[in-house]
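Q: Have a look; sequence and predicted model below, questions after that.
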Amino acid sequence: MYSNQLAGYIEKTDQGYRFKYDSDYLKSENPKPISQTLPLGPNAQSSRTLFSFFDGLIPEGWLLNIASNHWKIYRTDRFQFLITLCRDTIGAVTVEPIEEEVTNG
């Protein structure tokens, strides 16, 4: 979310990570990139490591230690920290996991 508007999607893949802006966000009146390192565009951007912008949202030091112990997250699992801890950040960007629908069938 960027300023309370869905801006895009980040996902962990077998090759690393992928970020793609939401098409409705790109069509909105005044879309802005969430970071200078993630320019606006319709194509997905890929990285073997977690994009530095998103990695920078993750707490450090003692706060990371507390989160790791509380949620039982491996310290090397930066993506899990991102989706667990970055729902309420200081800046305009928040990260919210997509809740997968459970189907009976």
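A: Arrived safely.

Q: measure stretch 29-37 end to end?
A: Stretch 29-37 has an end-to-end distance of 22 Å (C-alpha to C-alpha, to the nearest Å).

Q: List the contacts of it.
A: Residues outside stretch 29-37 that contact it (C-beta atoms under 8 Å, 6 or more residues apart in numbering): 2, 7-8, 21, 25, 39-40, 51-53, 92-93. Every C-beta, even on glycine, is put in place using the N, C-alpha and C of the backbone.

Q: What subset of the residues you listed is buried?
A: 2, 7-8, 21, 25, 51, 53, 93 (16 or more other C-beta atoms under 10 Å).

Q: Could you identify the most distant pair in those residues?
A: By the measure C-beta to C-beta, 25 and 51 form the most distant pair in those, at 17.0 Å.

Q: quick one: low-confidence parts of this protein?
A: Applying pLDDT under 70 to the chain picks out residues 100-105.

Q: 90 - rerun?
A: In the predicted model, the chain carries pLDDT under 90 at residues 1-4, 63, 75, 85-92, 94, 96-105.

Q: biggest helix in it, by residue count?
A: Counting residues, the longest helix found in the chain (DSSP state H) is helix 61-71.

Q: Return the set of buried residues in that helix.
A: Using 16+ other C-beta under 10 Å as the test for burial, helix 61-71 gives 67-68.

Q: mind saving the C-alpha coords of that helix as CSV?
A: Coordinates of each C-alpha in helix 61-71 appear next as CSV, following Å, rounded to 0.1, in the frame of the first residue of the first chain:
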residue,chain,number,x,y,z
GLY,A,61,18.9,-4.7,16.2
TRP,A,62,17.1,-5.5,19.4
LEU,A,63,13.7,-5.0,17.8
LEU,A,64,14.5,-7.6,15.1
ASN,A,65,15.7,-10.0,17.9
ILE,A,66,12.4,-9.6,19.7
ALA,A,67,10.4,-10.2,16.5
SER,A,68,12.5,-13.2,15.6
ASN,A,69,11.9,-14.8,19.0
HIS,A,70,8.2,-13.8,19.3
TRP,A,71,7.1,-15.0,15.8
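
Q: That concludes my questions; thank you for your assistance.
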